[in-house]
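1. Fold the following.
(chains A and B, ligands or ions: 2)
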Amino acid sequence: MVESIHVEGLSKTYNGTVKAVDNISFAVNQGEAFGFLGPNGAGKTTTVSVLTAQLAPTAGRATVDGIDVFQNPMEIKRRIGLVFQESTADSDLTGRENLELAAALFGVPRAEVRARVDSLLERMQIGDAADRLARTYSGGMRRRLELAVGIIHSPRVLFLDEPTLGLDPQGRAGFWRYVQELRKDHGMTVFVTTHYLDEADQICERLAIIDHGHLVATGSPSELKDRLGGDIVTIRTARVDPAVEAALKAVPGVASVSLQEDAYRVKAPRGEQLIPALVQACTQAGVALTSVSLKRPSLDEVFLEFTGREYREDGVTATDRAVRIGQVSQAFGRSRR
Amino acid sequence: MMRELGALTRRELLRIARNPQAIVTSLLLPILYLVLFGQAFNLNNITKLSPYPIPPTVFLQLYRGAPSYFSYFAAGMTGFVAVTATLFVGANVIFDRLFGTLKRTSASPATPTVIFGARLIAGSVQPICLAFLVLGLSLLLGHVGLSGLDVTASVSALGAVEIVAAIVILSVMFASLFIAIGFSLEQPQTYFAIVNAINLPVLLTSAALYPWGILPAWLKSVASYNPITLAVNVLRENLFAGASAYYPYSAGVYLLGLFGWALAMFILAVLLARRALAPRH
Ligand SMILES: Nc1ncnc2c1ncn2[C@@H]1O[C@H](COP(=O)(O)OP(=O)(O)O)[C@@H](O)[C@H]1O
Ligand SMILES: [Mg+2]
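-> Ligands and ions are numbered 1, 2, ... in the order given. Next up is the predicted model:
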């Protein structure tokens, strides 16, 4: 496999004191979607800024598309696409003018500009608003315009810094659909930082988790989930009985059992195959079951596992957060590590 | 490179054109100065108070050959307005940074010199236009019963070229300085603090507004080297008949001096801007 991004021992210390990124190394294969996950202040934007030749690193080496980022920043800027965390579209220009400006700056052949701009406006569903000033755009339209501007030159590597922050679920789905199409069409590598764990789970072939400037884990979403030690089977019984816990623990294949909020949480690598044996164990202990549920580990738990903290989020809706916290606390009633 | 320069310049010009309120506000200061300040300080009116006739040579010395204070002042205002207008050109850089657009531009493959150059080209347009507007308005005021600019010399083609060149060079010089400062700073407050600390001293050590004849000698010698003075000298020598007698050098020499200033400032500005647009540390 050809490496698209290669990072070795990269560090960035701001003002000699703030260690934003601390000696991280990773590689991203060509055509891959690579997710960079971490809470606020973890060092995601700093990493993106360094890899896109906007910020000088304190130490380390990095190549993007085979080019040394620090030796040849201009060439890097030509080859990559970048969608910033914040809005950078020019409010005083129309959507179309924003794209035309980007096309000129990134050297899109003159003859192709019109067609490319039109097709991007169309695909991003801002065609109707193409000739309106960007200041009149809604949040979702602005995000789509940002993406269009970032990919106008069909970059080999696309950096997305929390690109869907503030988008509604529909907007997020649409955004990713388009990115996926681009990947299929151009074999583009995508490096994405995101707040949304579910998003990373769906989009990315591989992930890195960064916390306090350290890479704490790298791997495919399923690898990372596997490292958690398996599924969680939640068993509710008519009454709580210490004998049940002992019986569940005795079932072969069970990694651990805990009692939380009147429910037994059984951790096991192959949760679904164990359910019959677990049910049987309860019955034999003489306790009637009221419910059994199986939960596969999600990235929320992965995050909790590797950072020791629950995934904090800004910019999610209250229900979004409630659901997520509900899932996490259900699976990990007490704090881990 | 020319393509990026063209695209970025076009963007700047579009933004200026789409903010008419900014243009209207920038007209306010010159109009107030011309219609109020210039009228009030018309020192020739001192003859009305004096019990003795004041010989005309006194006024000629006072205004270095200009026929009236307003005429003298109008040329000075032209330079003053050009410089003041460049303050906002630099401030726009700061606002672009705050609104994120600068980030996009500096992440593009456009070189720092091109990014700076486009701003400078577009940013010089407004000061230059404003300066000519002041000249035009001053001429007009004389025809509506107010003190106005009396052009007493017959301006040659060369003279006209010198006048235009002086205005353009002065505008470009200060635009480049303030744009570079804009690139180097992040906060609007810091920018305005620094820029005011430059603008006012430069203005007040120039001969733009003061009647030359009564300046203390030390201020005269300081003012002689001031770039606004140099530009304004070019205008005054060309606009007023016999003015050359009051100036030690010809307009061409002052223009050359101004060009020297501008070149030095431009080089400094390019260096500052390139440093500011390089990958951050
Ligand atoms: N320009 C800067 N100067 C000083 N500290 C900074 C600067 N930018 C970011 N930081 C600090 O570096 C750390 C990482 O920030 P950042 O990379 O923006 O995190 P993330 O994008 O993951 O939220 C944070 O502690 C942040 O406060
Ligand atoms: Mg960030």
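2. Spatially nearest residue to B:R274, not counting backbone neighbours?
-> Counting by CB to CB, 6 or more residues apart in numbering or on different chains, B:R274 lies nearest to B:P112, which is 4.4 Å off, once chain neighbours are set aside. No exception for glycine: its C-beta is placed from N, CA and C like everyone else's.
3. Up against chain A, what does the stretch 51-200 of chain B have?
-> Listed as neighbours of chain A in the stretch 51-200 of chain B under the rule CB under 8 Å from any CB of the partner chain: B:F99, B:G100, B:T101, B:K103, B:R104, B:T105, B:S106, B:A107, B:S108, B:P109, B:A110, B:T111.
4. mind showing which ranges of the stretch 201-337 of chain A have poor pLDDT?
-> A:308-337 (pLDDT under 70).
5. can you pull out the strands in it?
-> Here the stretch 201-337 of chain A has its strands, by DSSP state E, counting those that start in this stretch, at A:206-211, A:214-219, A:231-237, A:256-260, A:263-268, A:289-295.
6. So which elements touch the fourth one?
-> This points to strand A:256-260. helix A:242-250, strand A:263-268 (3 or more CB pairs under 8 Å, 6 or more residues apart in numbering or on different chains; DSSP states H and E).
7. B:A165 contacts B:Y254, correct?
-> No: in this structure, B:A165 is not within contact of B:Y254 by CB atoms under 8 Å, at 10.7 Å.
8. quick one: common contacting residues for those two?
-> Any residue near both B:A165 and B:Y254 by CB atoms under 8 Å, 6 or more residues apart in numbering or on different chains counts here, and that gives B:V234.
9. hang on, the earlier thing: tell me, how many residues neighbour the residue nearest to B:R274?
-> A count of nearby residues for B:P112, using other CB atoms under 10 Å in any protein chain shown, gives 16.
10. likewise A:T58?
-> Neighbourhood size, A:T58 [other CB under 10 Å]: 18.
11. was I right about it contacting A:S11?
-> Yes: using CB under 8 Å, A:T58 is in contact with A:S11, at 4.8 Å.
12. so what's A:G95 up against?
-> Shown in contact with A:G95 (CB under 8 Å, 6+ apart): A:A89, A:L121, A:I126, A:A129, A:A130, A:D131, A:R132, A:A134, A:Y137, A:M141, A:L145, A:A148.
13. Going by neighbour count, which of those residues are buried?
-> Neighbour-count burial (16 or more other CB atoms under 10 Å in any protein chain shown) applied to the contacts of A:G95 gives A:A89, A:L121, A:I126, A:A129, A:A130, A:A134, A:Y137, A:M141, A:L145, A:A148.
14. which one in the chain is furthest away from the centre?
-> Answering for chain A, as no chain was given. Here the centre of chain A is the reference, and by CA atoms, centre = their mean the most remote residue is A:G286, at 45.2 Å.
15. Chain B, not that one
-> Max radial position in chain B (CA atoms, centre = their mean) goes to B:P51, at 39.1 Å.
16. What values do phi and psi take at that one?
-> With angles defined as degrees, to the nearest 10, B:P51 sits at phi -70, psi -20.
17. cool, the one 4 residues further on as well?
-> Its backbone dihedrals place B:P55 at phi -60, psi 140, with angles given as degrees, to the nearest 10.
18. Could you do B:A40 as well?
-> Note on B:A40: its backbone torsions stand at phi -70, psi -40 [degrees, to the nearest 10].
19. cool, A:T193 as well?
-> Main-chain torsions, A:T193, degrees, to the nearest 10: phi -100, psi 140.
20. Contacts only, for B:T113.
-> Neighbouring residues of B:T113 by CB under 8 Å, 6+ apart: B:V270, B:A273, B:R274.
21. Please point out which parts of the helix or strand harbouring it sit buried.
-> Under the criterion of DSSP states H and E, B:T113 resides in helix B:112-141. Neighbour-count burial for helix B:112-141, with 16+ other CB under 10 Å as criterion, is recorded at B:112, B:114-135, B:137-138, B:141.
22. ok so, going back, quick one, grab the pLDDT at the residue farthest from the centre of chain B.
-> Predicted confidence (pLDDT) for B:P51: 91.
23. what do you get for A:L145?
-> Note for A:L145: predicted pLDDT of 93.
24. That one sits in which helix or strand?
-> In this assignment (DSSP H and E), A:L145 forms part of helix A:139-151.
25. the helices in the stretch 51-200 of chain B, which residues?
-> In the stretch 51-200 of chain B, the segments counted as helices under DSSP state H, counting those that start in this stretch are B:56-62, B:69-98, B:101-107, B:112-141, B:157-184, B:188-204.
26. most neighbours per residue, which of these?
-> The highest mean neighbour count among the helices of the stretch 51-200 of chain B, using mean count of other CB atoms under 10 Å in any protein chain shown, belongs to helix B:69-98: a mean of 24.
27. quick check: angle from that one to helix B:188-204?
-> Orientation check (axes from the mean of the first three to the mean of the last three CA atoms, to 10 degrees): helix B:69-98 against helix B:188-204 gives 160 degrees.
28. Is there proximity between helix B:69-98 and ligand 1?
-> No: judged by CB under 6 Å from any ligand atom, helix B:69-98 and ligand 1 are separated, with a smallest distance of 12.8 Å.
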